[in-house]
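[1] Turn this into a structure:
(3 chains)
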Amino acid sequence: MHLELSGLTKSFGSLVANDHIDLVIEPGEIHCLLGENGAGKSTLMNMLYGLLQPDSGEIVIDGRKVTITSPSDAIKHGIGMVHQHFMLVPVFTVAENIMLGRENTHPGGVLDRKKANALVSELSERYGFEVDPEALVEDIPVGVQQRVEIIKALTNDASVLILDEPTAVLTPAEIDELIAVMRQLKENGTSIVFITHKLKEVKAIADKITVIRRGKVVGQAEPSATEEQLAELMVGRAVDLVVDKEPAQPQDAVLQVTGLTVIDERGFTAVDNVDLEVRAGEILAVAGVQGNGQTELAEALLGLTPIAAGSIKLSGAELTGKSTRHRLDAGIGYVPEDRGHDGFVGSFTVAENLVLDLFRKAPFGNGLALNTDEIDKNAHARVEEFDIRTQGIDLTVSSLSGGNQQKVVLARELSRPLKLLVASQPTRGVDVGSIEFLHGRIVRERDQGTAVLIVSTELDEIAALADRVAVMYRGKVVGVVPADTPRDELGLMMAGASKTEAHDVAIENPTTLGTI
Amino acid sequence: MSDVTVQDTVPAAAPAAIEAPADRVRRLRVGGLMLVFALIGLGLAIFTKGGEATFQLVSGDLQNNLLGLPAQPVALLLGALGVLAAVAYVLRRVPQKYSGWLAIVLGVCFIGAFLCWAAAGKTFPLANQFQGTLNFATPLILGALAGVLCERAGVINIAIEGQFLVGAFTAAVVASTTGSAVAALIAAAVSGVLMALLLAVFSIKYLVNQVVLGVVLVVFATGITGFLFDQFLQEDAAKLNTPDVLSAVKIPGLGDIPFIGPILFNQTALVYLTYIAVAVVTFVLFQTRWGLRVRAVGEHPKAADTVGIRVKRVRYSAVLWAGVLAGLGGAFFTVGYAGSFTKEMTAGNGFIALAALIMGRWHPIGAMVAALFFGFATQLQSQLQIIQTPIPGELLLMAPYLATIIAVAGLVGRVRAPKADGEPYVTE
Amino acid sequence: MSTATATPPVAKPERSGLPSWAIQGLVSVSAIVLALLVGAILIIVGDDEVNAAVKYFGAAPMDTISAAFSAVGEAYQALAVGAIGGITPISESLTQATPLICGGLAVSLAFRTGLFNIGAQGQLIMGAILAGYVGFAWHLPPVLHLIVAIVAGLIGGAIWGGMVGLLKARTGAHEVIVTIMLNYVAIYLLQWLLTTSTFQRPGRADPISPIVDANAQYPQFGDTRLHVGFLLALVAAVFVWWLLNKSTIGFELRAVGANADASKTAGMSVGRAYVVAMVVAGALAGLAGTQQVLGTDLPLTDGVAASVGFDAITVALLGRGTPLGTVLAGLLFGALNAGGLQMQLITQTPLTLTTVLQATIVLFVAAPALVRSIFRFLPKDRGAGAILAKGWNG
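    Below is the predicted model:
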């Protein structure tokens, strides 16, 4: 199928998310759409898939102009999409999810479950997926959920398959499998639009690369281009991909975790007997694929989730059983993983959010009343210091961009003296400019002698920040390794291999991304 | 492609050997409450008077078909059994999967011991008790089923009470003017749908908060039926507000089964419709295409949208079909039971139906069981007044409400609403 | 939809046109106009003369139209005169508004903490029970007796509300369900108490208590039924304003209401906020209960709450959860209630019409998009957030 987008434009209020975008997808090509967070990639694809309506511009399929006003139109025209946040109903079985919207029925609208199960089995066999049609989606791992998403798109006979940031939840080896599936689809004539902001992936996968910046197409590139060239095209200026930092000068241990075990709400062991130590003046990064217990580890450190066993000590003082407020007061700063959910109150002003965990104490409060003058003064100072782009401190934080929202969170946490900074996914969904700034501030905090614990699923971020890396798999720390450990070794450890095992296997089996 | 030998997928975490802290808290809390009830049951048994408790098995027959039980021994037996069940629960002596049964055993034992205590030396009209249970439960079941349909589709329905009122009013007026029961039921269903339409349009189209909307719609229905009653029905009661009550129809064969026959199968058409409704809603929701889509839009509307399902249309259809059920439930208050319409005659039953749906965990069968329990408690209250026990009737009338609070406080297992229940679906 | 963190980024807010509060005011006024139109239709349908004239509509259509106009005109005129036409009507309106304001504040405060307090009715009843009991059963010196009775009422409401907060904090029980259920528990409790010798007036068979001591009654203004409780309602409104906007507790309550997860992460105790909010809300509703039993009714009856607790919800909604808005909405609904009584007396239009009016006003206010599609001149309010669009899981 030949797909052409011409002059597609979409604005939200005064912000132009997509500005006259032209794009041609040839049959059987893997076309990478590269752009940083907030560049407008998802907006474009959501228009193609009928989830958003363009303000102007047209979509032409095989020479015929089409209008796509809903996903069912898109499906009819042979467009399939695997969304970044999976579009699966967690309490449905795999088969139910796959038949949804295109149900085979007996007379009277009664579901034909047998047929659906057979279809799932057939497709998973063809592409070498192991998927149980009767399993509940909420019970299967994210990697398998993604396969269900792909099967779902394929059962609709998609001839263009859009994959929106599909690698975020996968280990390097799983990414290789995904690449193999994409190649197989390509050979069958399916075109693939691959959306990402990761340069390594683009180079490994793409036939053609289109780069989008601030809602506009800024150029095409060949997969042979260097990462630096791609980065410059994507950001619009030369980007320093490496954070400047001196070697760490670690001192005494600040955080000591021993035997930490967390049981989640469903009775599964999320964190399994973890021992960790973070020293003053060093950055320990916790690496791992999403969902291997890192989130629960960070929450347990802050007392946000109850622990089943183990001990957490901050500068020798036991924290177990203490409230979150006590821990914050004891000198822990926290940047939560999902900032919109846990990091700030969207409908509160910038000024209010900057004192969200400080408002009780002087000078902001006297135990009874708030001192609004001091709160405003603080806000002006932080906005200045952290270069928070806002039109005023009395605007709501939800009106800021992702990068500036994250700056608000970090500014607040760093505005009091810290012993330990815990930052989960500190740059997720943030533009490159803000990433550089945030990374720089985190390193500066380390250099001031704060112990820093970073949780990240991005190996690039781990490489940029870490002094040591702890890799988590199924709730366990499988090993703590130096920051310069090769990417393939980290990847294998993220899939459960031990340090030595990973070292041996990685040399024999280089992955696509690891060798670039 | 690498053929790595280590596990290549991120697996779900292994089941824990240790009980999750939250589960432990819940077990102790539930267990504690069960123990309290068990001990009350045992206490009642200890204070049960000697002599026989007589249970009347056929309504109105005081001579034959009586079941005499030695009150105290039976009560003691049941009380002890209840304590046993509670202790087994607290000490985790049964597999997790079956622990719910212990609560049911305790419940039955408690009610049994209570009845022995209340009926010792007297005659308790057991047949009446069940007959009345069914009567009180019928509108509750219909209302709760309406709620199940709405909420499975993601629209919270607090307005069941309003739908009841309008249905009751319409049925009374139409039955009085046309003299036709069928016309009355159809009109009640239609009026329920009209109320549902208000709910649907304001929640789905205008994105009004659904709890707000439910409350306001109840006030609206109260006002409008009250206004029309004051303005027309009072002036011309003979013509507009003298409906015939539906007559009971005995099903041949089934109606002759001893004891349960007359209770279950000598009922009005509306009760039979209720049986059918439970079966149909259960089947449709879980076995048909429409049901799958309804549940999908209630759990994850965006996922449904991305596979081409018209989310809003499915929600409209679910809410409107629910209106049929709620309207029929309303009709029960007039043409199914009391006859003429009076202001605010549904007296909070719509809210009990809401409670039944939540206690039944958004499942049609569960909702029915909860509704029957509430009906049982309400009927028991009037029975106990007749046989004169020292328990004030008002306290028994509180039972459904207290039971619901206990249920939502997580004491009867984890209650989980459809994920997107109450969230309007917004597209750009 | 709760996800969508990164894209699309929200546009720079447009700071043109009218401020948010002005637009909301316009929407409210439009909603009132629309509701009056709906009410007019009901009046016309129910009017005998219109129904008589419509029988010969074909012959003399103007008869029907003029009958309709005069029916609506007379009814609404009676309503207006009964609400604001002189000292007595105004005092009556304020009397009616008094418990509505306090009840409305009880709902609003909980609202801002992210809680839907459907239970003002039950809290009000509990307040009335305790205040009434102290009022008629105890005998204390002037002033002191009133104060003790009021405090008893506050405690009654606070306990009933606090239970809701406690259950929510400890077990996650949804407050909508718990408050609805507790309303019924409270009314049955009241009905039962009024059958006991402690509460029932000697010599009476109906559910009514002795009259509260003169010392425990709110002093009245002149010959009117308006009492000092009205001033307390205004004081309560100022207190709630200060609490929400100027105190550290209020900061916490609002933060929890807007985003409980972020508040928890910032070290706040979400459970404590729920308990605090519901205790204060319950006390406010309890205050409304004291106003009913110690100011307006004087004996305690099972109708002491009338529908105040439910009307309070509509008052809070119309007032958009702010103290000032709640006071204004309470005054409006108080006036509608007082005027409605006059209307029923003079034009025989049933009082239930005011219930319809109130519900319709709130329905329109809750759906500004609908109001805008009727009154197209109304500007769009970008700042207005949907009121707490949360489900059972929220």
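[2] Let me see the domain layout of chain C.
    Annotated domains of chain C cover C:20-84+C:333-383, C:99-318 [automatic domain parsing].
[3] helices or strands up against the lowest-mean-pLDDT helix or strand in chain C?
    Least confident helix or strand, chain C: helix C:48-54 with a mean of 82, by mean pLDDT, DSSP states H and E. When contacts are defined as 3 or more Cβ pairs under 8 Å, 6 or more residues apart in numbering or on different chains; DSSP states H and E, helix C:48-54 sits against helix C:61-84. The C-beta positions use only the backbone N, C-alpha and C, and glycine is treated the same way.
[4] what about the closest residue to chain C within the stretch 51-200 of chain A, distance to A:Glu149?
    Nearest residue of the stretch 51-200 of chain A to chain C (Cβ to the nearest Cβ) works out as A:His85 at 6.1 Å. Here the criterion is Cβ to Cβ, to the nearest Å. By it, A:His85 lies 10 Å from A:Glu149.
[5] go on, A:Ala309?
    A:Ala309 is 36 Å from A:Glu149, where distance means Cβ to Cβ.
[6] which of the two has more neighbours?
    Neighbour count, other Cβ atoms under 10 Å in any protein chain shown: between A:Ala309 and A:Glu149, A:Glu149 has more, with 24 against 14.
[7] Okay, and that one sits in which element?
    Using DSSP states H and E, A:Glu149 sits in helix A:142-155.
[8] I'd like to know which elements that helix is packed against.
    strand A:79-82, helix A:94-99, helix A:113-126, strand A:160-164, helix A:172-187.
[9] Please enumerate residues in contact with that helix?
    With contacts defined as Cβ atoms under 8 Å, 6 or more residues apart in numbering or on different chains, helix A:142-155 is touched by A:80-83, A:86-88, A:94, A:97-98, A:102, A:119-120, A:123-124, A:127, A:129-131, A:137, A:140, A:161, A:166, A:169-171, A:174, A:178, A:181, A:185, A:289-291, B:9-10, B:307.
[10] Tell me the buried residues in it?
    A:142-155 (16 or more other Cβ atoms under 10 Å in any protein chain shown).
[11] Just the CA trace of it, in CSV.
    This file holds the C-alpha atoms of helix A:142-155, laid out as CSV (Å, rounded to 0.1, in the frame of the first residue of the first chain):
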residue,chain,number,x,y,z
VAL,A,142,4.3,-6.7,29.2
GLY,A,143,6.5,-8.3,26.5
VAL,A,144,3.8,-10.8,25.7
GLN,A,145,1.1,-8.1,25.9
GLN,A,146,2.9,-6.3,23.1
ARG,A,147,2.7,-9.5,21.0
VAL,A,148,-1.0,-9.6,21.7
GLU,A,149,-1.2,-6.0,20.4
ILE,A,150,0.7,-7.0,17.3
ILE,A,151,-1.5,-10.0,16.7
LYS,A,152,-4.5,-7.7,17.1
ALA,A,153,-3.3,-5.4,14.4
LEU,A,154,-2.5,-8.3,12.1
THR,A,155,-5.9,-10.0,12.4
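[12] How about the host helix or strand of B:Trp321, which residues are buried there?
    Element membership of B:Trp321, judged by DSSP H and E, is helix B:311-333. Judged by neighbour count (16+ other Cβ under 10 Å), helix B:311-333 contains these buried residues: B:311-312, B:314-333.
[13] when you scan that helix, is anything in it near chain C?
    No: judged by Cβ under 8 Å from any Cβ of the partner chain, helix B:311-333 stays clear of chain C, getting no closer than 11.3 Å.
[14] Which is the succeeding secondary structure element to that helix?
    Counting by DSSP H and E, what follows helix B:311-333 is helix B:349-359.
[15] hang on, the earlier thing: mind giving me a markdown table with the helices and strands packed on helix A:142-155 and columns for mean pLDDT?
    Converted to a markdown table, the helices and strands packed on helix A:142-155 look like this (pLDDT from 0 to 100):
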| stretch | mean pLDDT |
| --- | --- |
| strand A:79-82 | 92 |
| helix A:94-99 | 94 |
| helix A:113-126 | 89 |
| strand A:160-164 | 92 |
| helix A:172-187 | 87 |
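[16] and of those, who's closest to chain B?
    Closest approach to chain B among these is made by helix A:172-187 (5.1 Å; Cβ to the nearest Cβ).
[17] That closest one to strand A:160-164, inter-axis angle?
    Per axes from the mean of the first three to the mean of the last three Cα atoms, to 10 degrees, the angle that helix A:172-187 makes with strand A:160-164 is 160 degrees.
[18] Helix A:172-187 - contacts with which helices or strands?
    helix A:142-155, strand A:191-196, helix A:199-205, helix A:487-494.
[19] For it, list every residue counted as buried.
    Result for helix A:172-187 [16+ other Cβ under 10 Å]: buried residues A:172-179, A:181-182, A:185-186.
[20] repeat for stretch A:114-124
    By neighbour count on 16+ other Cβ under 10 Å, the buried set for stretch A:114-124 is A:116-117, A:119-120, A:123-124.
[21] Do the host helix or strand of C:Phe251 and chain B come into contact?
    Per DSSP H and E: C:Phe251 is located in helix C:248-258. No: applying Cβ under 8 Å from any Cβ, one finds helix C:248-258 separated from chain B by no less than 13.7 Å.
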